[in-house]
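Engineer: sequence-free structure coming up:
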Ligand code: PEP
């Protein structure tokens with residue numbers, strides 16, 4: 001299966017900066033690397049159309065993800081952006097349940113579940129973020145916390161309706177802190193989630209597992225030794241094209 005490397009630009013870069021950043025990344029990666037992997041950039045909503053237009057016009061192999069989507073399909077929800085609007089822009093991936101949205105915008109597992117259903121309905125592949133905070137890890141309830149997030153995100157979803165879901169294990173204590181998790185942490189969570197999915201009769205090949213949390217070009221190699229990880233969700237380090245390119249090259 002192709003490795004997945006997602007650059008989450010968060011609330012950074014306007015659309016012109018985004019295009020320049022995309023082009024730099026594209027020019028520095030060989031055709032082979034781009035064919036053999038899913039390199040995905042997640043700009044702000046305001047940049048999605050510009051970035052996607054450059055990708056479509058120039059036939060680039062880099063793909064685009066939205067950083068979020070509305071739980072609503074349409075209607076009186078000022079400021080929201082729907083899955084069908086993203087689909088019309090040719091967006092193939094969308095991040096949901098990021099810990100920053102859970103913490104700052106009260107995104108519950110129930111809301112994440114609705115978002116996931118809306119994405120699948122519109123043929124957009126969800127990048128479902130899960131992860132425990134430091135208290136949950138210290139209380140040794142990190143595994144059950146992550147399983148609960150996956151279980152509730154998938155509630156009511158039939159395996160026939162899933163093409164692919166990417167589960168991004170992102171321990172909250174590792175995001176933006178420089179405090180990267182150990183590969184064993186990721187392996188433990190991925191193993192337990194796989195066990196859960198199997199018990200619910202999901203096909204494991206409908207899922208891929210990536211790690212996120214302070215990944216950079218120095219620590220990325222440690223994770224590549226673990227077979228449980230299919231790639232990375234990169235925040236801060238994805239804003240430097242040199243750093244992001246190094247991470248991609250070390251991952252492939
Ligand atoms: C993220 O925001 O998903 C993330 C992993 O951020 P960082 O790499 O900066 O920790």
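Structural biologist: All right, it came through fine. Nothing here was measured: the structure is a model prediction, and the numbers come from that model.

Engineer: rest of the way, CA atoms for contacts and neighbours
Structural biologist: Will do.

Engineer: need the residues of the protein near the ligand, please.
Structural biologist: When proximity is defined by Cα under 6 Å from any ligand atom, the chain lies next to the ligand at 174, 175, 176, 212, 213, 214, 215, 233, 234, 235, 236.

Engineer: The first one contacts residue 211, doesn't it?
Structural biologist: Read it as residue 174. No: contact criterion Cα atoms under 8 Å: residue 174 and residue 211 do not qualify, at 10.4 Å.

Engineer: ok, the two, which is more surrounded?
Structural biologist: Neighbour totals were compared for residue 174 and residue 211, and residue 211 leads with 29 against 19 (other Cα atoms under 10 Å).

Engineer: Who are the packing partners of the helix or strand hosting the more buried one?
Structural biologist: Assessed by DSSP states H and E, residue 211 sits inside strand 207-212. Contacts defined by 3 or more Cα pairs under 8 Å, 6 or more residues apart in numbering; DSSP states H and E place strand 207-212 against strand 165-169, strand 231-234.

Engineer: For residue 18, grab phi and psi.
Structural biologist: phi -60, psi -40 (degrees, to the nearest 10).

Engineer: quick one: contacts for it?
Structural biologist: 43, 47, 51 (Cα atoms under 8 Å, 6 or more residues apart in numbering).

Engineer: Tell me how far the first one lies from the ligand.
Structural biologist: Right, residue 43. 12 Å (Cα to the nearest ligand atom, to the nearest Å).

Engineer: and that residue, what does it touch?
Structural biologist: 8, 9, 10, 11, 12, 13, 18, 64, 65, 66, 67.

Engineer: The same query, at a cut-off of 7 Å, please.
Structural biologist: Residue 43 makes contacts with 8, 9, 10, 66, 67, as judged by Cα atoms under 7 Å, 6 or more residues apart in numbering.
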